[in-house]
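1. here you go, sequence then predicted model.
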Amino acid sequence: NHNPQQETLTMAPKFNPIRDVISGTIMAATSVPQLIAYAETVGYAGYRGLTTAGAPLFAWGLATGSPWMNSGVTSLTAVMAKTDLGGEAYVAQYGEKEYVDLVSAYSLYVGVASIIMALVGFGKLASKVPVAVKTGFKWGCELGVLASALPNGLYAFGSTLKALVATSAFGDVVTTVKTAVPGATGVSGVANIAYAVTHPQSWDLVAAALFFTCTIFVMKAKNFLPKWMPPGSEVVMATAAATAFSVYYGYEGGVVGEIPAAGSDSGLSFFNGMVKIPIELMDVKALLEVPIAERCFGGSMVKLLITAAIFSGVNFLSIVGIASGFESDNNVSWSAPRELIAQGVSNLAAGVVGSAAVSGSMSRSLVSRMTGASSQLACIVTALLWIYMMPYMSIMSPTPKSALSAVIVSAVVKNVVMPKKILALKGTDFVVGVGTAATTAMTSPTIGFGVGCVFYVAINVIVGKDTKKKVA
């Protein structure tokens, strides 16, 4: 009773370079809006998402053992980096250039932490994190993603919302909470959401119209677009339409802006200049001297290293989820230590080119599988296209930030509004899930995850003791 179709579903793909080139090209085209949007989430200029995406993905392709897994700056790594480093306050005090140095240095620390954790066996331990903690943590982070996207979505300029909140009753609450709990950095984002939702009269009409139109289109398009179109096509169509609107109607709100061209002498050169890779490299020695511990972690190097390790561990959970899914669906085996090292190597590459920290991307990995990738060559092709097509990316300069915010919001809003997985938790797991979600949203992802783990252990110890007493 041999069934060839069943065999196809349960075996890793055989190497096919043509399929890899096609898949890699589709991925490169459909991911561009995400690259810009997540860079905005990190807290620096959107174009940096384009100029820095290639090298980390190239490094990932060389190190990973998965034919489909893709990595990059995700909504989670973007929000965590911005929160851990106090993005908005840092840019306001030191400027964007120094913030880019800070983010790059942090990526290096996360990369080193990932590799060390892989060598000491953390990879296998990561799968033991309680479901209730992971579920609550994910919701709290998604609320943070929503909070970071709404200002540019509903207002012509994101800074407008911050100014409105500061002079409102919500601003007074934020000040009170932060005075009592200095680590509650997430409360500002929660206040932004609360103000924006309760004051629709303060929205910019054109920006909000673009935002809602693009969000609804991206979320609903798969119901009516042709089946042969690859996932992500709806994102490209929405941003292309918004860009055309911006050009032809003179949109006056926030846009991506000018994308600087790389100098002709910049980048790496091989074989006496015959082969050039046009990427700009950071000064690694200077990055190691960035006062990241002094400015962001109270002068404590230990706190910096622990935070980087938590960042690495938390984001590795994304990789565990993706790889486990491919293993159960397609019988594609994977190695936890190898993928954690791959995360480390790609983060070192991210730091060297000025990118925020990276990790596994569920959406891009699923697209890679669906479009027929057969090996890691697919994501290497994507990376090379991003690197070599940079001179043509200026087409994105007039793209409204409200459309890019729509791309981000469309990915998280459904689960934020109706958190089905949290509601499905029972008993003490529900309490842990809600507690982790609230702590993550109000403080930071790093603190929220740590508190969630401690809360899980504490509540189970207490419940365990009560159960034993009843039995006795």
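-> In hand now; what should we look at? Bear in mind the structure is a predicted one, so any value in this text is a computation, not a measurement.

2. tell me the contacts of Ser148?
-> Glu40, Thr41, Ala78, Val79, Lys82, Gly189, Ile408 (C-beta atoms under 8 Å, 6 or more residues apart in numbering). Where you see a C-beta, it was placed from the backbone N, CA and C, and this is true even at glycine.

3. redo these as a markdown table? Include pLDDT and distance to Tyr392.
-> Listed next are those as a markdown table, based on pLDDT from 0 to 100; distance: C-beta to C-beta, whole Å:
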| residue | pLDDT | distance to Tyr392 |
| --- | --- | --- |
| Glu40 | 92 | 21 |
| Thr41 | 92 | 24 |
| Ala78 | 94 | 25 |
| Val79 | 91 | 30 |
| Lys82 | 94 | 29 |
| Gly189 | 93 | 35 |
| Ile408 | 89 | 24 |
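
4. grab the two from the residues you listed that are most spread out in space.
-> Pairwise distances across these (C-beta to C-beta) peak at 14.3 Å, for the pair Glu40 and Gly189.

5. host element of Val413?
-> Element membership for Val413, per DSSP states H and E: helix 401-417.

6. what packs against that helix?
-> Other elements packing on helix 401-417 under the criterion 3 or more C-beta pairs under 8 Å, 6 or more residues apart in numbering; DSSP states H and E are helix 17-42, helix 75-85, helix 131-154, helix 205-220, helix 233-249.

7. make a markdown table out of the ones you listed and add distance to Thr446.
-> Compiled in a markdown table, these are given as follows (distance: least, C-beta to C-beta, whole Å):
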| stretch | distance to Thr446 |
| --- | --- |
| helix 17-42 | 16 |
| helix 75-85 | 6 |
| helix 131-154 | 10 |
| helix 205-220 | 29 |
| helix 233-249 | 29 |
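
8. which among those is found nearest to Val256?
-> That would be helix 17-42 among those, by C-beta to C-beta, at 5.8 Å.

9. the following helix or strand past the closest one - contacts with which helices or strands?
-> Under the assignment DSSP H and E, the closest C-terminal helix or strand after helix 17-42 is helix 47-51. For helix 47-51, the contact count by 3+ C-beta pairs under 8 Å, 6+ apart identifies helix 17-42 as packing neighbours.

10. now the residue most central in space within the chain: how far from Val275?
-> Nearest residue to the geometric centre of the chain (C-alpha atoms, centre = their mean): Thr74, 1.7 Å. For Thr74, the distance to Val275 (C-beta to C-beta, to the nearest Å) stands at 31 Å.

11. returning to what we had before: counting by contacts, list what the following helix or strand past the helix holding Val413 packs against.
-> Helices and strands here follow DSSP H and E; after helix 401-417, the next one along the chain is helix 420-423. The contact analysis (3+ C-beta pairs under 8 Å, 6+ apart) places helix 420-423 against helix 131-154, helix 427-442.

12. show me where the stretch 301-450 of the chain has its strands.
-> Ranges of strands within the stretch 301-450 of the chain are 359-361, based on DSSP state E, counting those that start in this stretch.

13. what angle do the longest helix along the chain and helix 75-85 make?
-> Longest helix of the chain, by residue count under DSSP state H: helix 301-330. Computed by axes from the mean of the first three to the mean of the last three C-alpha atoms, to 10 degrees, the angle separating helix 301-330 from helix 75-85 equals 170 degrees.

14. how far away from the center of its chain is helix 301-330?
-> Distance, stretch centre to chain centre, for helix 301-330: 13 Å (C-alpha atoms, centre = their mean, to the nearest Å).

15. repeat for stretch 426-445
-> 20 Å.

16. related to what we said a few turns ago, to Ala207, which of the helices and strands packed on helix 420-423 lies closest?
-> helix 131-154 (6.5 Å).

17. next one: the closest one to chain centre, how far?
-> Here helix 131-154 is found 11 Å from its chain centre; the criterion is C-alpha atoms, centre = their mean.

18. and if you look at stretch 49-59?
-> The answer for stretch 49-59 is 14 Å, by C-alpha atoms, centre = their mean.

19. pLDDT of that stretch, averaged?
-> What stretch 49-59 shows for mean pLDDT is 95.

20. quick one: end-to-end length of that stretch, please.
-> 16 Å (C-alpha to C-alpha, to the nearest Å).

21. neighbouring contacts of it?
-> In contact with stretch 49-59 (C-beta under 8 Å, 6+ apart) are residues 31-32, 34-40, 42, 70-73, 259-260, 262, 279-280, 345-350, 352-355, 358, 379-380, 382-384, 386-387, 390, 393, 396.

22. and if you look at stretch 175-193?
-> For stretch 175-193, contacts defined as C-beta under 8 Å, 6+ apart pick out 83, 86, 140, 143-144, 146-148, 150-151, 161-162, 165, 170-171, 173-174, 440-444, 447-448.

23. mind redoing it with 6 Å?
-> Stretch 175-193 has contacts (C-beta atoms under 6 Å, 6 or more residues apart in numbering) with Thr83, Gly144, Ala147, Leu161, Val165, Phe170, Val174, Ala441, Met442, Thr443, Ser444, Ile447.

24. burial measure for the first one, as a count.
-> Spelled out, it's Thr83. Neighbours of Thr83 under the rule other C-beta atoms under 10 Å: 24.

25. what pLDDT does it get?
-> Here, the pLDDT recorded for Thr83 equals 92.

26. so who does the nearest residue to it once chain neighbours are set aside touch?
-> Of all residues not flanking Thr83 in the chain, Ser444 sits nearest, at 4.3 Å (C-beta to C-beta, 6 or more residues apart in numbering). By C-beta under 6 Å, 6+ apart, the contact list for Ser444 reads Thr83, Thr185, Gly186.

27. separation between Ser444 and Ile259?
-> Computed as C-beta to C-beta, the Ser444 to Ile259 distance reads 31 Å.

28. Ala78 too?
-> From Ala78 over to Ile259 the distance is 19 Å, taken as C-beta to C-beta.

29. between the two, which is the more surrounded one?
-> Ala78 (28 against 21).

30. what about the residue nearest to that one when sequence neighbours are not counted, neighbour count?
-> Once flanking residues are discounted, Ala78 sits nearest to Thr41: 3.9 Å by C-beta to C-beta, 6+ apart. Applying other C-beta under 10 Å, we find 30 residues neighbouring Thr41.
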